[in-house]
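J.: sharing a model prediction with you, sequence too.
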Amino acid sequence: VTIVALLFVTPLIFSDKIKEEIKKTANKKLSGEMNYSDASVSFFKHFPSLTITLNDFSLTGSAPFQKENLIKAQETTFGINLTSLIFGKSIKIDEIYLSNSIINIKVNKEGQANYNVYIAEKEAETKEDDASAIKLDHIEIINSQLVYDDQSTQLHLDVFGFNYLGSGDLSQEVFDLYSKAKIDKLNLLYENEQYLMNKKVDADLITKINVNSLSFVFEQNDLMINQLPVDFKGKFDFLKDGYNMDFIIKSTNANLYDLFTAFPPKYITWLGKTELKGKTDLLLTLKGKYIESKKMAPDLNLDLKIREGFVNYNKSVFPVSNLNLDLTTNLPSLNPELLIVDTKSISLNINQDYLKAKIFVKGMNTPEIDAVFNSKIDLEKLNKALGISDIELKGTL
């Protein structure tokens, strides 16, 4: 009975102190303007943590986006460190919860971002002054929306139904962040071109973060993009005038159909009418510096293998079977004129008809082509089985 009574009484006793410290912390540690309608203190919002909840919360961004919201949330809840509350001169915040929020991240053409709102403490001040501090070890985002718009790289990201749970000692200069993320719908656009639309994501992530050098190392990351299981590792560094990246995306022995669920929408409009079977291996790497002012871009490489594939578009009476593919694609500096597509082998059957080929293509406008075909196949049957609607094929190859 005493414990239950304390759970109700303690928030009332410390309510004014907590609210005052929240305002003090916001004024001292945040460069953006923070507003909310009212605040409540409770043990029961995120039991057993003692929390203060700010309703109708908003926080504006850093220069040059001072007049636009960085975060707008129906509820923003801060977890209070009980030891600092009872025994310390001030309060430490070690948890944050965002509910039904809109997180709006912007970067202009010059690379200036709106998220630099936290004013870091100087070492001397930390030692001399026991001021209130934000030292997070738990972040939770519930049913939220995230928009990332980077005009310097022409990258745009929309995330709907965003649920995220992250834990780690975020007060350290170098720390491991353990995360779980679920996304109902993810859209990714590059140079206004749609690459991912309405994709579901389910991820378990371990990320090593170096605050001093703004470096992210993705150590162990298991993703589900729609139905495709993906292993994601790599590194991402913020440079003064751009980014340095080294990403490895790998999927082994996945179903062929699951692979196509993760493709850009314009390439898979026929997927709903197509029966796909078979196994596939995928290895995608993106490595190098992206510096717009120096016209530098990373190298993109793709290795794709398909085994024992089966393709039947719109219930064709002549489906493609025994589809096998070994493909390597290189795109140095993301320059289409340097594109290399090396189809080391491709083979398939339509009943007794067959196709075996090797195809090498280098360049786009004036490509270098080296191809070898060994086939006896009805092109009209092949066209119907694959569902290639933009061209008409007839005859025997």
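T.: That came through, no problem.

J.: stretch 65-85: how far from the chain's middle?
T.: Averaging C-alpha coordinates over stretch 65-85 and over its chain gives two centres that are 23 Å apart (CA atoms, centre = their mean, to the nearest Å).

J.: can you check stretch 289-307 too?
T.: Its chain's C-alpha centre and that of stretch 289-307 lie 17 Å apart, by CA atoms, centre = their mean.

J.: over to stretch 362-381?
T.: With CA atoms, centre = their mean as the basis, stretch 362-381 stands 36 Å off its chain's centre.

J.: which positions in that stretch come out as buried?
T.: For stretch 362-381, a neighbour-count test (16 or more other CB atoms under 10 Å) marks K362, I377, D378, L379, K381 as buried. In short, each C-beta sits where N, CA and C put it, glycine included.

J.: again, but for stretch 94-108
T.: Neighbour-count burial for stretch 94-108, counted by 16+ other CB under 10 Å, picks out 94-99, 101-107.

J.: can you list the weak-confidence ranges in this structure?
T.: Counting by pLDDT under 70, the chain contains low-confidence ranges at 3-28, 43-48, 81-91, 120-136, 170-173, 210-214, 220, 240, 264-268.

J.: all helices for it, in order.
T.: Per DSSP state H, the chain has helices spanning 2-29, 82-87, 123-128, 256-261, 379-386. These are given in chain order.

J.: picking that back up, let me know the closest of the buried residues of stretch 94-108 to L239.
T.: Using CB to CB, V107 is the member of the buried residues of stretch 94-108 that lies nearest L239, at 13.4 Å.

J.: which residues touch the closest residue to the closest one other than its chain neighbours?
T.: Once flanking residues are discounted, V107 sits nearest to D150: 4.2 Å by CB to CB, 6 or more residues apart in numbering. For D150, the contacting residues are K106, V107, H156, taking CB atoms under 8 Å, 6 or more residues apart in numbering as the criterion.

J.: in space, what's closest to the first one - neighbours in sequence excluded?
T.: In other words, K106. Leaving aside its sequence neighbours, K106 sits nearest to N114 (CB to CB, 6+ apart; 4.7 Å).

J.: again, but for the last one
T.: Using CB to CB, 6+ apart and skipping residues adjacent in sequence, the residue nearest H156 is L189, 4.4 Å away.

J.: let me have the contacts of D150 in CSV, adding distance to K182 as columns.
T.: Putting these into CSV (distance: CB to CB, whole Å) gives the following:
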residue, distance to K182
K106, 24
V107, 25
H156, 21
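
J.: look up phi and psi at G363.
T.: Dihedral angles phi and psi of G363 (degrees, to the nearest 10) take the values phi 90, psi 170.

J.: mind listing what the residue nearest to M245 when sequence neighbours are not counted touches?
T.: Take M245 and drop its neighbours on the chain: the residue closest to it by CB to CB, 6+ apart is F236, 5.2 Å away. Under the criterion of CB under 8 Å, 6+ apart, the neighbours of F236 are S215, F216, F218, Y243, N244, M245, D246, F247.

J.: near L302, how many other residues are there?
T.: Around L302 sit 16 other residues, with neighbours defined as other CB atoms under 10 Å.

J.: and it, bridged to which residues?
T.: Per DSSP bridges, the residues bridged to L302 are L284, T329.

J.: that one contacts V341, correct?
T.: No. Applying CB atoms under 8 Å as the test, L302 and V341 come out as separate, 9.4 Å apart.

J.: which residues are common contacts for the two?
T.: Among the neighbours of L302, those also in contact with V341 (CB under 8 Å, 6+ apart) are L327, T328, T329.

J.: that older thread, return the residues in contact with the residue nearest to H156.
T.: Residues near L189 by CB under 8 Å, 6+ apart: L155, H156, L157, Y195.

J.: report how many residues lie close to the second one.
T.: Put plainly, it is H156. Around H156 sit 17 other residues, with neighbours defined as other CB under 10 Å.

J.: which of the contacts of D150 lies closest to D176?
T.: V107 (26.0 Å).

J.: how much space between that closest one and Q151?
T.: 6 Å (CB to CB, to the nearest Å).

J.: what does D184 give?
T.: 26 Å.

J.: ditto for D258
T.: Distance of D258 to Q151, given as CB to CB: 34 Å.

J.: who has more neighbours out of those two?
T.: Neighbours were counted for D258 and for Q151 using other CB under 10 Å; D258 has more, 17 against 14.

J.: quick check: that one vs D353, distance?
T.: Taking CB to CB, one finds D258 at 28 Å from D353.

J.: reformat the buried residues of stretch 94-108 as TSV; add distance to Y36.
T.: Supplementary listing: these in TSV, determined by distance: CB to CB, whole Å:
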residue	distance to Y36
D94	20
E95	17
I96	14
Y97	14
L98	13
S99	13
S101	13
I102	15
I103	16
N104	17
I105	21
K106	22
V107	26
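
J.: closest to E33 among those residues?
T.: Comparing those against E33 with CB to CB picks out N104 as the nearest, at 14.5 Å.

J.: end-to-end on stretch 316-323?
T.: The distance separating the two terminal residues of stretch 316-323, taken as CA to CA, to the nearest Å, comes to 16 Å.
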